[in-house]
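Engineer: heads up, no residue letters with this:
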Ligand code: Z5A
């Protein structure tokens, strides 16, 4: 893929699917080709956006409305896009991001039931024409993903949702991938980690490393 700026790669999927683990691998693959990159995440990525992340993830005494959640996600994103993602890409560095707007379509859209057009309006307002060049969707049965995630610390506000919520999130991700096959690659994340990594490398070679 030829561009004047750096490329923007996002990694998506339900919890425990292996995003953090495989982002480290993607970074190694880029560095092995002398491609300068940064790794960031959503919600988060800047000081202010990380504060909003905390608000979103911690369990609140006061129930969070669906609209508040959506607006907080986009408030964090507005800061992240303007302060980190766009400046980094325009310097020619690549950006690898753990979740981006597909997560909003999947969680707030698929999971919470917010209408697609509402999300699309905010997407346009906050991002303009910015979209990932490549999105790797790690796909996994939510029962397995949650079991992996539960081996760690206490559960955040999202992780306390019922399995049916994550089924809807997963379905929304698969629909995004089907609608945008040029941008999205689905990787079966139930496989052994070495197999997942080699499938990711293959996707990078085919989509962004020009076959190298
Ligand atoms: N959210 C939202 O609602 N709307 C939005 O627009 C955005 C986000 C951007 C925080 O995300 C929450 O924000 C998220 C949605 C919401 N909801 N939740 N929960 P997050 O990405 O920070 O949180 P997360 O999804 O919970 O990430 P995670 O649990 O850290 O998962 P992960 O990074 O995908 O997994 P991991 O840490 O790499 O791996 C988990 C474990 O599995 C670990 O022990 C690995 O060694 C193991 N693993 C990984 N791959 C394998 C394979 N292939 N086999 C076996 N074991 C494996």
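Structural biologist: Everything's here; your move. As the structure is a prediction and not an experimental result, all values here were calculated from the model.

Engineer: leaving out sequence neighbours, find the closest residue to residue 75.
Structural biologist: Nearest residue to residue 75, sequence neighbours excluded (C-beta to C-beta, 6 or more residues apart in numbering): residue 52, at 5.8 Å. Backbone N, C-alpha and C define where each C-beta goes, glycine included.

Engineer: with residue 45 instead?
Structural biologist: Residue 45 sits nearest to residue 80 (C-beta to C-beta, 6+ apart), 4.2 Å away.

Engineer: neighbouring contacts of the longest helix along the chain?
Structural biologist: Counting by DSSP state H, the longest helix found in the chain is helix 163-179. With contact meaning C-beta atoms under 8 Å, 6 or more residues apart in numbering, helix 163-179 is reached by 12-15, 102, 105-107, 109-111, 135, 137, 139-140, 142-143, 145-146, 184-186.

Engineer: out of these, which touch the ligand?
Structural biologist: Contacts with the ligand within the contacts of helix 163-179, counted by C-beta under 6 Å from any ligand atom: 13, 15, 107.

Engineer: what residues does the chain have near the ligand?
Structural biologist: Residues of the chain found near the ligand (C-beta under 6 Å from any ligand atom) are 13, 15-21, 42-43, 57, 73, 98-99, 103-104, 107-108, 148-149, 156, 158-159, 189, 193, 196.

Engineer: quick one, strands of the chain?
Structural biologist: Secondary structure of the chain (DSSP state E): strands at 8-12, 37-41, 94-98, 134-139, 184-188.

Engineer: most packed of those?
Structural biologist: strand 8-12 (a mean of 25; mean count of other C-beta atoms under 10 Å).

Engineer: quick one, what contacts residue 161?
Structural biologist: With contact set as C-beta under 8 Å, 6+ apart, residue 161 has these partners: residue 111.

Engineer: do you know the pLDDT at it?
Structural biologist: Per-residue pLDDT puts residue 161 at 90.

Engineer: now for this structure, the helix or strand with the poorest mean pLDDT.
Structural biologist: Using mean pLDDT, DSSP states H and E, the weakest-scoring helix or strand in the chain turns out to be helix 142-150, at a mean of 88.

Engineer: list the contacts of the most centrally placed residue in the chain.
Structural biologist: The structure's the chain has its C-alpha centroid closest to residue 99; by C-alpha atoms, centre = their mean the separation is 1.4 Å. Residues near residue 99 by C-beta under 8 Å, 6+ apart: 10, 11, 12, 19, 41, 42, 43.

Engineer: returning to that earlier point: how much space separates the residue nearest to residue 45 from residue 183?
Structural biologist: The gap separating residue 80 from residue 183 is 19 Å, by C-beta to C-beta, to the nearest Å.
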